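> Quick check, what structure comes out for this input:
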Amino acid sequence: MKKIIFGGILLLCIGFTSCRTASISSYYQYETECLGDQLDGSILLRVKGQGISRNAAINAAEKQAVNDIMFSGVKRGQCTFVPLLKEVNAREKYRTYFESLFSGNDYDKYVRIAPRNKLKKVAMKDGTVGTTYLIVLKVFRTELEQKLISDNIIK
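Alright, predicted model coming up:
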């Protein structure tokens, strides 16, 4: 009788420990989120950046922010913005332009880490190597738009 009770308790313990749920942060797709329009032509965005080091993650987040402003727009958060490039297949049509923009540091002129920003390190358990941060960035949207107009990308 004691063996049956002990076996039942053992099975319950094994059953409860094997029913753990996966961490939601490992499966959550972080979208760029607008935290506010600064009313000076810039906006605050919370962006996910992944990289081998902290600096690589920050650079990836900056590129993602500029990419989202140009091609996807921002749909989450306190404000929404349509993409600067509304032309169909603009990324393909001006491929060499955008490759040179992102391969150099030209994109860096239009994005800065927001003052008093505390980088939030996010634990990712999806097999990625490196670190992942949620970073608040200030993107100079109107200056980026003016550059695209002067380079005849936006007409």
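> Skipping its backbone neighbours, what lies nearest Glu145 in space?
In space, and not counting its chain neighbours, Glu145 is closest to Leu84: 5.4 Å by C-beta to C-beta, 6 or more residues apart in numbering. From N, CA and C alone the C-beta is placed, and that goes for glycine too.
> per-residue confidence for that neighbour?
Confidence at Leu84, expressed as pLDDT, is 94.
> which residues touch it?
69-70, 141, 144-145, 148, 154 (C-beta atoms under 8 Å, 6 or more residues apart in numbering).
> which one is the most centrally placed residue in the chain nearest to, not counting chain neighbours?
Central residue of the chain (C-alpha atoms, centre = their mean): Lys48, 2.8 Å from the mean position. In space, Lys48 comes closest to Tyr30 once its chain neighbours are excluded; the distance is 3.8 Å by C-beta to C-beta, 6+ apart.
> Tell me who's in contact with the one you found.
48, 122, 134.
> shouldn't the second one be in contact with Val47?
Looking back up the chat, that one is Val122. No: using C-beta atoms under 8 Å, Val122 is not in contact with Val47, being 11.7 Å away.
> higher neighbour count, the two?
A direct count of neighbours by other C-beta atoms under 10 Å for Val122 and Val47 places Val47 higher, at 26 against 17.
> Spell out, range by range, the strands that occur in this protein.
33-37, 42-51, 76-77, 111-113, 120-122, 131-140 (DSSP state E).
> name the helices or strands packed onto the shortest one?
Using 3 or more C-beta pairs under 8 Å, 6 or more residues apart in numbering; DSSP states H and E, the elements in contact with strand 76-77 are strand 33-37.
> If we go by neighbour counts, what in the strand it packs on is buried?
For strand 33-37, a neighbour-count test (16 or more other C-beta atoms under 10 Å) marks 33-35 as buried.
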